[in-house]
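Participant: I would like to see how this sequence folds:
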Amino acid sequence: MSNPVFSDSAFDRAGYSSSSDSMTVNGSIMKTFILGLVFIITSFVVIAYMPNFYGSMSTVITVSAIGAFVVGLIISFKPATAPVLSVVYAVLESIVVTVISILLNQQYNGIVFEAVTYTMIAFFTMLILYRLGVIKATQTFKSVIITATIAIGISYLILFILSFFSIRPDWFYGNSTLSIAINAVIIVIAALNLILDFDFIEQGSSMNMPKYMEWYAAFGLILTIIWLYLEILRILSKIKSR
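Facilitator: The predicted model follows:
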């Protein structure tokens, strides 16, 4: 669930717009709201129909996750597809996140509410720190966070492949102190990715990027929030299982 889409190369892939109808901060916020609404509506639909798919939950999660991954890659390399594919991405991710949340909440009652609360706290904390200039998206900061994010993404991919061979390292999947510590580090990296998201939106607006980049920015922000939520959900489940 890592978010390597907000790098300077995204501007190069998008090009620039000389028209008055270009990317704005308010437009990006509105697009993020729309994707969030799509995510929530899909979630309610999944909750309503989930009892019909109890026997194939793992298949639903796997197919939706792979679909979201492919769609996310397409958007990352072809930002012009974001107005349509970002909605598809929100639907697919909502299916994955909702099913996982329901299953974990059945095991640890109230864990979803806690995860949502902590995610929102992290989001607004990063937003306030960014607006106050406490954390600045310098080039060095961007390089470190993007490198760390890509490294985490590669690790996820390797672990996903290993899972097909029934290899599940305890330091990642277990509830040991080391596993929880690694999870905590990932949460910090995910939260700091929000700074890149905020900076991308401001930079895109000031550089008069094409209007469709508002959808691209919204996609990236939703991606980071989902990643952060899932990691918080994971660390809470580890702590509660001890």
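Participant: CA only for contacts and neighbour counts going forward, please
Facilitator: Will do.
Participant: list the buried ones in the helix or strand where Ile95 lies?
Facilitator: Secondary structure from DSSP states H and E places Ile95 in helix 82-107. For helix 82-107, a neighbour-count test (16 or more other Cα atoms under 10 Å) marks 82-83, 85-102, 104-105 as buried.
Participant: can you check stretch 26-37 too?
Facilitator: Neighbour-count burial for stretch 26-37, counted by 16+ other Cα under 10 Å, picks out Gly27, Ser28, Ile29, Lys31, Thr32, Ile34, Leu35, Gly36.
Participant: And the contacts of it?
Facilitator: Residues outside stretch 26-37 that contact it (Cα atoms under 8 Å, 6 or more residues apart in numbering): Ser86, Val87, Ala90, Ile201, Glu214, Trp215, Ala217, Ala218, Phe219, Leu221, Ile222.
Participant: What of stretch 45-61?
Facilitator: Where contact means Cα under 8 Å, 6+ apart, the residues beyond stretch 45-61 that reach it are Ile95, Val96, Thr98, Val99.
Participant: I'd like to know the average pLDDT value across that stretch.
Facilitator: In this model, stretch 45-61 carries a mean pLDDT of 82.
Participant: Wait, a strand at Ile167?
Facilitator: No - when classified by DSSP: H, G, I helix; E, B strand; the rest coil, Ile167 is found to be coil rather than part of a strand.
Participant: follow-up on the earlier one: from the buried residues of stretch 26-37, which land in helices?
Facilitator: With helices taken from DSSP state H, the overlap with those comprises Gly27, Ser28, Ile29, Lys31, Thr32, Ile34, Leu35, Gly36.
Participant: those helices in this structure, which residues are they?
Facilitator: Under DSSP H, the chain gives helices at 9-14, 25-49, 57-77, 82-107, 111-131, 139-163, 170-173, 177-206, 213-241.
Participant: And those, which one averages the lowest pLDDT?
Facilitator: Ranked on mean pLDDT, the bottom entry among the helices of the chain is helix 9-14, at a mean of 54.
Participant: who's in contact with the closest residue to Lys238 other than its chain neighbours?
Facilitator: Among residues not flanking Lys238 along the chain, Asn175 sits closest, at 4.8 Å (Cα to Cα, 6 or more residues apart in numbering). With Cα under 8 Å, 6+ apart as the criterion, the residues that contact Asn175 are Lys238, Ile239, Ser241, Arg242.
Participant: Could you identify the buried members of those?
Facilitator: Among those, those classed as buried by 16+ other Cα under 10 Å are Lys238.
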